[in-house]
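K.L.:
Fold the following, please.
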Amino acid sequence: MSSPGADRGSGPTGGDPPSGITSVAGPYRPGEIIGAHNSVLDVHCALKLIEMGASPRAVAERLLDEARAAARLGHPAIVRVLDYGETSQGDPFIAMELLDGEDLAQLMERQSKLPAVEAVQMLLPIAHALAAAHAKGIVHRDVKPENIFLARDEVTTTQPKLLDFGIVRFESKNRRLTIDGAVLGTPSYMSPEQARGETTSGQTDLWSFSVVLYELIAGKRPFDGDNYNALMYAIINSDPTPLSELGVADEELSAIVTRGLAKALGDRWPNMRDMGEELALWLESQGVTEDIAG
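P.N.:
Numbering: from 1, shown residues only. Model prediction:
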């Protein structure tokens, strides 16, 4: 599968390709991710296009913030942004590196869970990417399997990539990218503070990362509900079954993940870097000294 590995939305039919892009892989619709060729850089790339809609300034600002967030980080585990601009119709776009592989959700459809060591190896680069983002005041706010792309190169190396900074929050900015109290994110991976519509921080990404790691190891999410309200109640009030009790992880790894899913911010890991270091130390205790990217 060839993909930039970002959200796969849809929208009304669009117009001409962006200026500077000499060829596009088929017609596009705003909101889609499409393949294209940049004649200036002479590289194949992926375009994320957004229709301006009723709030053109807000949409353009959000897409520009997404481009700036990814460009500022320059991390191997974060999708690389090559360009930003507008189509001849005035719709903004981001040009990103084109990746080969699949997202984590697609892998989990085929393989419901992974051995604990493999799961930690796979997600350690994402932990490092989030730590790098948080160090620059950038909070992703939508960490989930669909936003983790497993890019593969010509020598079969796998490089996990964090995608879609579309609802990113810049902690250092005075302005807010969203209305106060708005609930943003994907329900199953929301933190308690997100579920309550409270201010988010790097702790929100740490929680969502812990949900993904739990799911990858256990083959099921730590919180569930028959409907949205039941799911939100479980996230805010219920305790997850420890991985050790499910028989899929030892006590040490189980404790690391459980701490990442603590309801109170003060009970979680202080930051993503600390949690990542503990996961790396756990891997070393298993005789493994490399993550999936080597």
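K.L.:
switch to C-alpha atoms for all contacts and neighbour counts from now on
P.N.:
Noted.
K.L.:
Spatially nearest residue to residue 220 (excluding sequence neighbours)?
P.N.:
For residue 220, ignoring the flanking residues on the chain, the nearest one in space by Cα to Cα, 6 or more residues apart in numbering is residue 214 at 7.6 Å.
K.L.:
Tell me the spatial nearest neighbour of residue 189, not counting adjacent residues.
P.N.:
In space, residue 189 comes closest to residue 208 once its chain neighbours are excluded; the distance is 5.1 Å by Cα to Cα, 6+ apart.
K.L.:
In this structure the one you found contacts residue 190, no?
P.N.:
Yes - the pair residue 208 and residue 190 passes the contact test of Cα atoms under 8 Å, sitting 6.3 Å apart.
K.L.:
still on that earlier bit, immediately after the helix or strand where the residue nearest to residue 189 lies, which helix or strand?
P.N.:
For residue 208, the enclosing helix or strand under DSSP states H and E is helix 202-218. Where DSSP H and E defines the elements, the next helix or strand beyond helix 202-218 is helix 228-237.
K.L.:
lowest-pLDDT helix or strand in this structure?
P.N.:
strand 169-170 (a mean of 44; mean pLDDT, DSSP states H and E).
K.L.:
after that strand, next one along is what?
P.N.:
As the chain continues past strand 169-170, the following element, by DSSP H and E, is helix 192-195.
K.L.:
buried residues in that next one?
P.N.:
Within helix 192-195, the residues that count as buried by 16 or more other Cα atoms under 10 Å are 192-195.
K.L.:
Likewise for stretch 107-120?
P.N.:
Applying a neighbour-count criterion of 16+ other Cα under 10 Å, the buried positions in stretch 107-120 are 107, 113-114, 116-120.
K.L.:
Redo those as TSV? Include secondary structure.
P.N.:
Conversion of the buried residues of stretch 107-120 to TSV gives the following (DSSP: H, G, I helix; E, B strand; the rest coil):
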residue	secondary structure
107	helix
113	coil
114	coil
116	helix
117	helix
118	helix
119	helix
120	helix
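K.L.:
ok, back up a step: any idea how far the residue nearest to residue 220 is from residue 269?
P.N.:
Using Cα to Cα, to the nearest Å, residue 214 is found at 15 Å from residue 269.
K.L.:
out of these two, which sits in the more crowded spot?
P.N.:
Neighbours were counted for residue 214 and for residue 269 using other Cα atoms under 10 Å; residue 214 has more, 28 against 22.
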